[in-house]
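Asker: Dropping the sequence and predicted coords here.
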Amino acid sequence: MQQSPTGNLFVPPPNGHAPAERANGLAALSNLRTFNRYELKYIADRRLVAGFREELPEKLDRDPHGLEGFYPVWSTYYDTSDLLFYWEKMEGERFRRKLRIRHYGDPDELTAETPVWVEIKQRVNRVTQKRRLSLPYAEALRLCAGADPSSCAPEDEHVVEEILVLANTLRLRPIVTLGYVREAYLGRGQDSGLRLTIDSRIRGRDRDLPINIAGENRFFVQPHLSVVEVKVNERVPYWMTEHIARHNLTLRRISKYCQGVQAYDVAPRSAFHDARIDESSLLHANS
C-alpha cells in the first residue's frame, strides 16, 4: 500500500492487461475487461435529448444489447466507513478508484447465479481506466466482502487479487445502490472508439442495498433530466462537438456515486454538489 500526494492510502494497481473474452447477453455487455478512455458528461432536459438523439443514427450504431439499445443498469458502490473514495473525488485526487458490482438488467431477474460485473473504475489525471471480471452475483458479493471467490478464470486472477487487497485493507462496505435506464450508441469506421450513452430515470437508495431486493428507490437526479456521456479513446470527433453545441447540452462535472451519496445525506454536501439537478427534493421512484 502506498500514500497519495494528499496523504490518502491506496493500493497500487497491477500491471498487465487481460485479454478480451466471451460475451454472455446483458450480463456481458462488452467483452472488454480492461480499457482506458476519456469521458465527458453533459446534463440535458429530456426534450433536448430527444432532438439530440434524432441525428445520432446518421453517425452511430445502436448498441446491439437490450431492447433497441435501451437496458437497465444497477450498481452497488463500495467505500470505506469514512467514504475515502467519495472524498478522493470531492478533493480532486488525480489518482482515485472506486469499486462496484454492476448488473445489466432488471433487478427482479437477478439471482445468486446470475453473472454480474465486479469493476474497479480508476481515474488517472484525465484518463478513466476500468478493470473488471464477471462472476455469479453471490460470488461477486463474497469477493467484495473480502473473501476469495470459489473460482475465477486465470486471466482474472490479477483483478481478484487487487479487489481482495482493496476490500480487506480498506475494509470496504456497500454504501449505495443506484440504477437508471441506459441508451447506448457505438461509433463506426474511424469513430469506432466512440461510445455515447444517455442515462435517464437516475435513482437509488442507501439501504436494502442488494440489487435484487425490491428496495425503496428515490430519484437523485430530476426525472426530466438525462446524463449524456461521450466516451472516447483519444479525442471527441468534431462533428460530435458541433452536434452537442447545436443542441445546447451543458457540460457538467458529475459523479452519480457522489451525487447519490450527498442526496441521501450519507455525507455532507460539498461545494461541488449540483443542487440544480436534484433540487434537494427526492422523489420516490418505482424500481
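Answerer: Happy to help now that I have it. Numbering: from 1, shown residues only.
Asker: Excluding chain neighbours, what is closest to Leu188?
Answerer: Actually, residue 188 is Arg. It isn't Leu. Computed as CB to CB, 6 or more residues apart in numbering, the closest residue to Arg188 that is not its neighbour in sequence is Asp61, at 5.6 Å. (C-beta placed from N, C-alpha, C; glycine too.)
Asker: Let me know the secondary structure of that neighbour.
Answerer: The three-state assignment at Asp61 reads strand, by DSSP: H, G, I helix; E, B strand; the rest coil.
Asker: Contact partners for Thr250?
Answerer: Going by CB atoms under 8 Å, 6 or more residues apart in numbering, Thr250 touches Tyr42, Ile43, Ala44.
Asker: before we move on, which element is the last one in?
Answerer: Secondary structure assigned from DSSP states H and E places Ala44 in strand 34-45.
Asker: ok so, going back, redo the contacts of Thr250 as a markdown table? Include neighbour count, pLDDT and distance to Thr128.
Answerer: Shown next, in a markdown table, are the contacts of Thr250 (neighbours: other CB atoms under 10 Å; pLDDT from 0 to 100; distance: CB to CB, whole Å):
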| residue | neighbour count | pLDDT | distance to Thr128 |
| --- | --- | --- | --- |
| Tyr42 | 21 | 93 | 16 |
| Ile43 | 20 | 91 | 18 |
| Ala44 | 22 | 90 | 21 |
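Asker: quick check, nearest of those residues to Arg207?
Answerer: Of all the contacts of Thr250, Ile43 has the smallest distance to Arg207: 26.8 Å, by CB to CB.
Asker: So the closest one sits against His224, correct?
Answerer: No - using CB atoms under 8 Å, Ile43 makes no contact with His224, being 11.0 Å away.
Asker: quick one: contacts for Lys231?
Answerer: Lys231 sits next to Arg37, Tyr38, Glu39, Leu40, Thr128, Leu194, Arg195, Leu196, Thr197 when contact means CB under 8 Å, 6+ apart.
Asker: Glu242 and Asn217, how far apart?
Answerer: Distance of Glu242 to Asn217, computed by CB to CB, to the nearest Å: 37 Å.
Asker: Neighbour count for these two, which is higher?
Answerer: Comparing Glu242 with Asn217 by other CB atoms under 10 Å, the one with more neighbours is Asn217, at 23 against 10.
Asker: coming back round to it: just the buried residues from the contacts of Lys231, in PyMOL please.
Answerer: Buried subset of the contacts of Lys231, written as a PyMOL selection, criterion 16 or more other CB atoms under 10 Å:
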select buried, resi 37+40+194+195+196+197
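Asker: Name the nearest of the contacts of Lys231 relative to Pro237.
Answerer: Leu194 (6.6 Å).
Asker: what's the neighbour count on the closest residue to that closest one other than its chain neighbours?
Answerer: Nearest residue to Leu194, sequence neighbours excluded (CB to CB, 6+ apart): Gly187, at 3.1 Å. Neighbours of Gly187 under the rule other CB under 10 Å: 19.
Asker: same question, Asp82
Answerer: Asp82: 8 neighbours (other CB under 10 Å).
Asker: So it, which state does it fall into?
Answerer: Per three-state DSSP, Asp82 ends up coil.
Asker: Now do the same for it: its pLDDT.
Answerer: Turning to Asp82, the model gives it a pLDDT of 93.
Asker: Contact partners for Leu40?
Answerer: Contacts of Leu40 by CB under 8 Å, 6+ apart are Glu229, Val230, Lys231, Val236, Leu251.
Asker: The host helix or strand of the first one: partners in the sheet, and parallel or antiparallel?
Answerer: Taking DSSP H and E as the definition, one finds Glu229 inside strand 225-232. Partner strands and pairing direction for strand 225-232 (DSSP bridges) are strand 34-45 (antiparallel), strand 195-205 (antiparallel).
Asker: quick one: the helices in this protein?
Answerer: 46-54, 84-90, 137-144, 157-170, 238-246, 256-263, 275-278 (DSSP state H).
Asker: I'd like the average pLDDT over stretch 93-104.
Answerer: 93.
Asker: What residues sit buried inside that stretch?
Answerer: Applying 16+ other CB under 10 Å to stretch 93-104 flags Glu93, Phe95, Arg96, Arg97, Lys98, Leu99, Arg100, Ile101, Arg102, His103, Tyr104 as buried.
Asker: Check stretch 171-185 too.
Answerer: By 16+ other CB under 10 Å, the buried positions in stretch 171-185 come out as 172, 174-185.
Asker: Point out the ones among the residues you listed that are inside strands.
Answerer: Those of the buried residues of stretch 171-185 mapping onto strands are Pro174, Ile175, Val176, Thr177, Leu178, Gly179, Tyr180, Val181, Arg182, Glu183, Ala184, Tyr185, per DSSP state E.
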